[in-house]
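Peer 1: coords please:
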Amino acid sequence: MDRIDSHMKISVLASSSSGNVTYIETPKRKVLVDAGLSGKKIANLMASINRRLEDVDSLFVTHEHTDHVKGVGILARKYHMDVYANEPTWAAMAHKIGKVPVEQQHIFEMGKTMSFGDLDVESFGVSHDAAAPQFYQFHHDGHAFVILTDTGYVSDQVAGVIKDADGYLFECNHDLEMLRAGRYPWPLKQRILGDKGHLSNEDGGNALMDVIGNHTKAIYLGHLSQENNVKELAHLTVTQMLANHDFGVGHDFQIYDTDPAIADPLAVI
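Peer 2: As a prediction, this is how the structure comes out:
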């Protein structure tokens, strides 16, 4: 097999405060992380990268918020996917996703690693206002890809778990000034800014400086608020922060944007 075809490949199908789905494949596995859009929209996004939902075998859920679970039930029922989440998340999302056949329901404990053929999946807890939010690091053939959004801060423990991955999908939810000056009510602003809220562009940049390593080649800026951020601002903020601290932006690694409705091209990690 050609070496490049043996690698892990990923596409951020959609990422924003309105819906999140990521596709990951290895030679033996095809999986999704979250399904925060309708089944039809996810199918169309998959088609745009020349992939089919019929071929996806597993779906990993991070937490029960609608922008992460809207399509979980329909995908499980229509495409017979195995669904993985921790017990509190299963309980919290049950009324949102409808009936999922018992044989397709699987418990993925926080802080554990599960093996799926040629793909090892490692879960880790984060600080967010959900039942038991956890994200995932995917390992294949000596390479690692981390998804980390929906957290108020990145602890030293989490930074240690995800350090020096080959690729990251990392939260840059809001610009602080846009959020503070925006039309959100004050309680919602407090929630977003709190320890169980979301990372700002600056928070994301600071956290990335703690985890980027020699293996890091790709960083996707994700979960941007459609009300309190814009791609260009998030990209510029993080790029400048990293460049100012002598990180090799554009040389050692690339920074990519994500979109609420346009899939990023399938990329090798």
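
Peer 1: and H68, what element?
Peer 2: Under the criterion DSSP states H and E, the helix or strand holding H68 is helix 66-69.

Peer 1: buried residues in whatever helix or strand comes next after that helix?
Peer 2: On the C-terminal side of helix 66-69, the nearest following helix or strand under DSSP H and E is helix 72-79. By neighbour count on 16 or more other CB atoms under 10 Å, the buried set for helix 72-79 is 72-77, 79. Heads up, the C-betas are built off the backbone N, CA and C, glycines and all.

Peer 1: and what of stretch 220-227?
Peer 2: For stretch 220-227, using 16+ other CB under 10 Å, the buried residues are 220-225.

Peer 1: now those residues as TSV including pLDDT, secondary structure and distance to T258?
Peer 2: Compiled in TSV, those are given as follows (pLDDT from 0 to 100; DSSP: H, G, I helix; E, B strand; the rest coil; distance: CB to CB, whole Å):
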residue	pLDDT	secondary structure	distance to T258
Y220	98	strand	5
L221	98	strand	6
G222	98	strand	5
H223	98	coil	8
L224	98	coil	7
S225	97	coil	13
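
Peer 1: among the residues you listed, list the two that are farthest apart in space.
Peer 2: Among the buried residues of stretch 220-227, the pair separated by the greatest distance (CB to CB) is Y220 and S225, at 16.1 Å.

Peer 1: Y23: neighbour count?
Peer 2: Neighbouring residues of Y23 were enumerated by other CB atoms under 10 Å; the total is 23.

Peer 1: residues in contact with the residue lying closest to A85 once chain neighbours are set aside?
Peer 2: What sits nearest to A85 in space, not counting adjacent residues and going by CB to CB, 6 or more residues apart in numbering, is V61, at 3.9 Å. With CB atoms under 8 Å, 6 or more residues apart in numbering as the criterion, the residues that contact V61 are 34-35, 68-69, 72, 83-85, 89, 93.

Peer 1: now V61: how far from Y184?
Peer 2: V61 sits 26 Å away from Y184 when distances are taken as CB to CB, to the nearest Å.

Peer 1: cool, H95 as well?
Peer 2: Computed with CB to CB, the distance linking H95 and Y184 is 26 Å.

Peer 1: swap in G160?
Peer 2: Distance of G160 to Y184, given as CB to CB: 33 Å.

Peer 1: so for these two, which sits in the more crowded spot?
Peer 2: Using other CB under 10 Å, the more surrounded residue of G160 and Y184 is Y184, with 17 against 11.

Peer 1: my guess is that one is in a strand, correct?
Peer 2: No: secondary structure of Y184, determined by DSSP: H, G, I helix; E, B strand; the rest coil: coil, with no strand assignment.

Peer 1: next, count neighbours for G36.
Peer 2: 26.

Peer 1: surely it forms part of a strand?
Peer 2: No: the assignment for G36 is coil, going by three-state DSSP, so no strand is present there.

Peer 1: can you list contacts of the helix holding H68?
Peer 2: Looking at what lies outside helix 66-69 - CB under 8 Å, 6+ apart - the contacts are 16-20, 34-36, 61-62, 93, 96-97, 150.

Peer 1: of these, closest to A267?
Peer 2: Using CB to CB, N20 is the member of the contacts of helix 66-69 that lies nearest A267, at 17.5 Å.

Peer 1: what about that closest one, neighbour count?
Peer 2: Applying other CB under 10 Å, we find 29 other residues in the vicinity of N20.

Peer 1: likewise H80?
Peer 2: Burial of H80 is recorded as 13 neighbouring residues (other CB under 10 Å).

Peer 1: quick one: it from K40, how far?
Peer 2: Look at H80 and K40: by CB to CB, they are 17 Å apart.

Peer 1: what's the helix or strand for the most centrally placed residue in the chain?
Peer 2: Centre of the chain computed as the mean C-alpha position; nearest residue by CA atoms, centre = their mean is I147, 3.9 Å away. Mapping I147 onto the secondary structure by DSSP H and E places it in strand 143-148.

Peer 1: all set, thanks.
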